[in-house]
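[1] what would the 3D arrangement of this be:
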Amino acid sequence: MQTSTSSLTLLGLACALAAPLAVASPEEDKALFQSYFQERFPKVELQDFGNGMYAIDSVARENWEAIEEFPPYEPAISAGEEMWQTPFANGKTYAECFPNGPAIAADYPRWDKARGMVVTLPLAINECREANGEKPFNYSKGPIADITAYIAYESRGQATNVEIPSDDPRALEAYEKGKEFYFARRGQFNFSCSHCHFGNSGSTLRTEVLSPAFGHTTHWPVYRSKWGEMGTLHRRYKGCNEQVRAKGFELQGEEYRNLEYFMTYLNNGLELNGPGARK
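    Numbers count the residues shown, from 1 in each chain. This is a model prediction of the structure:
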């Protein structure tokens with residue numbers, strides 16, 4: 001059973017996940033969220049939060065930096081670049097859909113006012129393919145991870161800058177739904193996303209240090225040693241749901257798109273540093 005916590009502020013949730021407080025605006029959420037983690041981990045430089053657990057675990061960081069000397073995501077970048085440049089059967093390319101070139105990761109997720117929904121980069125990629133008579137990619141891994149890895153690499157250094165249009169209340173509603181999802185308990189373990197990556201961030205669970213939520217959206221897609229391959233952010237969302245013994249949602253369904261919208265907005269200002277490598 002899911003318990004709604006949309007009436008709680010981020011800071012209140014960090015201290016007590018059941019304290020009923022007034023609803024905060026997205027801007028207030030972001031300020032509370034970012035200041036909370038900067039105070040919790042005062043030795044971490046702002047942009048280093050994009051490196052996840054490696055920003056707070058010096059031993060793990062050494063191993064990670066060694067891996068980054070020969071990053072396991074390089075083949076995905078190369079494959080993605082080739083895909084970007086290879087024409088579809090109709091002779092057109094991805095550039096027809098994305099005329100500004102591949103360095104577009106900072107444009108997503110974005111609010112599509114015409115359709116009244118959040119559009120993510122993988123969704124935009126597949127919509128481009130379908131518009132050109134091509135089959136959509138699986139949203140979990142494989143080609144979708146390759147082409148978004150290339151786009152992420154070309155977009156490195158861009159600042160996260162998600163906008164919630166003030167003239168469309170549906171955008172705020174999507175953000176609030178994402179926020180509710182993040183703090184809602186689910187599964188047999190009755191855990192929310194925030195249990196691991198908010199108030200307990202920096203703690204050790206089994207043999208892993210729980211990474212701070214601040215920075216979680218900057219480095220996707222990632223090569224996870226656990227997976228032995230590249231995977232997408234929504235694959236990770238589903239995996240987290242299943243780890244607490246809850247049923248995962250449809251990849252690129254409304255639930256996960258709204259969650260990504262909420263989480264990415266809170267990371268506004270952090271530089272994109274994908275693709276990444278993680279345990």
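[2] where do the helices sit along the stretch 151-279 of the chain?
    According to DSSP state H, counting those that start in this stretch, the stretch 151-279 of the chain carries its helices in the segments 169-183, 193-197, 233-243, 254-266.
[3] now those in TSV, with mean neighbour count?
    Every residue, glycine included, has its C-beta placed from N, CA and C. As requested, the helices of the stretch 151-279 of the chain are exported to TSV (neighbours: other C-beta atoms under 10 Å):
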stretch	mean neighbour count
helix 169-183	20
helix 193-197	20
helix 233-243	20
helix 254-266	24
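[4] mean pLDDT lowest for which of those helices?
    Ranked by mean pLDDT, the helices of the stretch 151-279 of the chain bottom out at helix 193-197, with a mean of 90.
[5] so where's this structure uncertain?
    For the chain, applying pLDDT under 70 flags the ranges 1-23.
[6] ok, and what's touching stretch 33-53?
    Stretch 33-53 is contacted by residues 10-11, 14, 55-56, 60-61, 64, 201-202, 208-216, 218-219, 266, 269-273, 276, 278-279 when judged by C-beta atoms under 8 Å, 6 or more residues apart in numbering.
[7] what's the answer for stretch 201-211, then?
    Under the criterion C-beta under 8 Å, 6+ apart, residues 37, 40-41, 52-53, 56-57, 60, 196-197, 200, 212-213, 279 lie in contact with stretch 201-211.
[8] most centrally placed residue in the protein?
    Nearest residue to the geometric centre of the chain (C-alpha atoms, centre = their mean): Thr217, 3.3 Å.
[9] show me where this protein has strands.
    Along the chain, the stretches classed as strands by DSSP state E are 110-112, 117-119, 204-205, 208-209, 222-224, 229-231, 276-278.
[10] now distance to Lys30 and mean neighbour count too, for the ones you listed, in JSON lines please.
    What follows is the strands of the chain, written out as JSON lines (distance: least, C-beta to C-beta, whole Å; neighbours: other C-beta atoms under 10 Å):
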{"stretch": "strand 110-112", "distance to Lys30": "16", "mean neighbour count": "18"}
{"stretch": "strand 117-119", "distance to Lys30": "17", "mean neighbour count": "21"}
{"stretch": "strand 204-205", "distance to Lys30": "27", "mean neighbour count": "10"}
{"stretch": "strand 208-209", "distance to Lys30": "24", "mean neighbour count": "16"}
{"stretch": "strand 222-224", "distance to Lys30": "24", "mean neighbour count": "22"}
{"stretch": "strand 229-231", "distance to Lys30": "27", "mean neighbour count": "23"}
{"stretch": "strand 276-278", "distance to Lys30": "22", "mean neighbour count": "20"}
